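**Q** Generate a structure from the sequence data that follows.
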Amino acid sequence: MAKTITNTIVMVRPASFGYNAETAENNAFQSKDGATEVERIKNSALQEFDTMVEQLKSKGIAVIIHEDDVYPAKPDAVFPNNWFSCHSSGTIVTYPMYADSRKLERSTELIQKLMADYNFNYHIGLEAYEKQNLIVEGTGSMILDRVNKLCYACLSLRTNEELIDIFCERMGYKKVVFDALDRNSYPIYHTNVMMALGVDFCVVCLDTIQDEKQKEKVLQHLESTRKTVIDISLSQMENFAGNMLQLDGAKNPILVMSQTAYDSLHKEQIEIIEKHTEIIAFAIPTIEKYGGGSVRCMIAEIFC
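**A** Below you'll find the model as predicted:
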């Protein structure tokens, strides 16, 4: 039976974390201010990563750490959820990536290890679609309601509807696609920076969905699947309040997010969330500033 949350995750300890000018072309969350301080940034990111791992373990989360290789340099390797996803059907899916530098992150070694250790018996490789410029970057591009088999996705250069259709057909999902724009009317690069789905709630920045019919469709699906909707503002989204993930802690479900995201939330929003789940916040300012991603992006879930 499909589960919404898991207690087993993969995280990639970065060897060459830093600002990536290639991905910054369509990731408005990245900053290059001070990016020339390469060693400081790399060391700060490692410290933030290691602290987050220890805090997750203390909550009963099983963390599989994959060590990134120094060569070739992969500045975004800390965000593995973009290039693979695991499914309770016994399937691992690998994905095409938009930036050439990110294509290097795909690790045959890691996939083989996961298939052996967790008895995955089927691998769907979608990376060949890169040649057709069809891109879907895993659970960055797609918010998966694994129980109700719904795939929420905002379209962008990194999230192509044709490939969403192929994923849904292969994996038995129904798509819920829409356009989501930031305050400058640019497409939001990944769905998981404006939307997070828990067992019985959804954190979402509805202001990004400017087409009322599309917004209504999203809300109808959330309502029909009995999700309490917690709406966040554009400003909160810009502080990574949409980039959250619920996990199955040892004592109770936990919603993981960054300290930046937590600090942006209003008291009333926190109270609503805490009716559904415990909140755990991690300080990862370096990873957020230069990587343009947050806590959810750093976690690839294992469902088996």
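**Q** As a check, name the ranges of all strands in the stretch 201-304 of the chain.
**A** Counting by DSSP state E, counting those that start in this stretch, the segments of the stretch 201-304 of the chain that form strands are 201-204, 228-231, 245-248, 253-258, 278-282, 300-301.
**Q** could I get those strands as TSV with distance to residue 269 and mean pLDDT?
**A** Placement of C-beta: from N, CA and C, glycine included. As requested, the strands of the stretch 201-304 of the chain are exported to TSV (distance: least, CB to CB, whole Å; pLDDT from 0 to 100):
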stretch	distance to residue 269	mean pLDDT
strand 201-204	8	98
strand 228-231	6	98
strand 245-248	15	98
strand 253-258	12	98
strand 278-282	10	98
strand 300-301	24	98
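**Q** I'd like the ones you listed laid out as TSV, including mean neighbour count and distance to residue 89.
**A** Formatted as TSV, the strands of the stretch 201-304 of the chain follow (neighbours: other CB atoms under 10 Å; distance: least, CB to CB, whole Å):
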stretch	mean neighbour count	distance to residue 89
strand 201-204	25	24
strand 228-231	16	28
strand 245-248	23	19
strand 253-258	24	23
strand 278-282	18	29
strand 300-301	22	14
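**Q** any chance of those strands in TSV, plus distance to residue 169?
**A** Formatted as TSV, those follow (distance: least, CB to CB, whole Å):
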stretch	distance to residue 169
strand 201-204	25
strand 228-231	28
strand 245-248	26
strand 253-258	31
strand 278-282	36
strand 300-301	22
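**Q** Could you give me the buried positions within the helix or strand encompassing residue 165?
**A** Here residue 165 sits within helix 161-171, counting by DSSP states H and E. Buried residues in helix 161-171, counted by 16 or more other CB atoms under 10 Å: 163-164, 166-168, 171.
**Q** Against which helices or strands is that helix packed?
**A** Secondary-structure packing of helix 161-171 (3 or more CB pairs under 8 Å, 6 or more residues apart in numbering; DSSP states H and E): strand 91-94, strand 150-154, strand 174-178.
**Q** closest one to residue 209 among those strands?
**A** Closest approach to residue 209 among these is made by strand 174-178 (5.4 Å; CB to CB).
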